[in-house]
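K.L.:
What follows is a predicted protein model with its sequence.
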Amino acid sequence: MSSHFFAGAVLALASTAAAAQAVAPSRPPQNLLPEAAASVGVKRCLPAISRLSALAIAGSRSHDILMDWDHANPDAGPFFSLLGVDFGTQSAAATITVIPQSDGSCTLSAERISVAPYTCQSIAQVELKGYKVAQLLPNFHVYTPAGMPGESVSLIDSPPSCLVIRRHVQYGWKAQR
């Protein structure tokens, strides 16, 4: 699982927050999602939930969660979550979905959605050098890094800002022991 998935978004929000002179929290907030997932019986894909949610809330002041799961068989069914993440002057949303597979692995999908107070073109020039780009609509571009087919960054022009969606998909993920 790529740790750079949320890193660019965290850096972008950190620089935005610094520019707005936001005060950093004295200690990171408790990661609520793994505890909540464990409390409803999710076990097999819990390490993936922990890692992805830790990346999603890195640098935040606070966060809250919504989740849904297979109540009849929580450790064998899909687990869906939505995180609202507060960075002070900026906020973001993140989705984390894990689906246990019969071979003991997990299929993962995570997205981080934020608004940057910059043009999409400037974000692409600074953060996405060397990425391949596909234009879906005149104002919607998807950037993918070479050699990382499950990663993408979508930039949607919404003047004077840019909607940024960072996406990570991974099949066959297993916790390292």
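P.N.:
That came through fine.
K.L.:
From V85, how far off is A54?
P.N.:
Separation of A54 from V85 (Cβ to Cβ, to the nearest Å): 12 Å. Where C-beta positions appear, they are placed from N, C-alpha and C, glycine not excepted.
K.L.:
Comparing these two, which shows the higher neighbour count?
P.N.:
Higher neighbour count among A54 and V85: V85, with 28 against 15, using other Cβ atoms under 10 Å.
K.L.:
Leaving out chain neighbours, which residue sits closest to I113?
P.N.:
Excluding the flanking residues, the one nearest I113 by Cβ to Cβ, 6 or more residues apart in numbering is A93, at 4.6 Å.
K.L.:
and that neighbour, what is it in contact with?
P.N.:
82-85, 112-114 (Cβ atoms under 8 Å, 6 or more residues apart in numbering).
K.L.:
Below-threshold pLDDT in the chain: ranges please.
P.N.:
1-28, 177 (pLDDT under 70).
K.L.:
longest strand in it, by residue count?
P.N.:
strand 161-173 (DSSP state E).
K.L.:
what ranges do the strands span in the protein?
P.N.:
62-69, 79-86, 91-100, 106-116, 132-137, 140-144, 151-158, 161-173.
K.L.:
Go through the last one and flag the buried ones.
P.N.:
Put plainly, it is strand 161-173. 162-168, 170, 173 (16 or more other Cβ atoms under 10 Å).
K.L.:
could you say what helices and strands it packs with?
P.N.:
With contacts taken as 3 or more Cβ pairs under 8 Å, 6 or more residues apart in numbering; DSSP states H and E, strand 161-173 sits against helix 4-19, strand 106-116, helix 120-127, strand 151-158.
K.L.:
which residue packs closest to V153, ignoring adjacent ones?
P.N.:
Y143 (4.6 Å).
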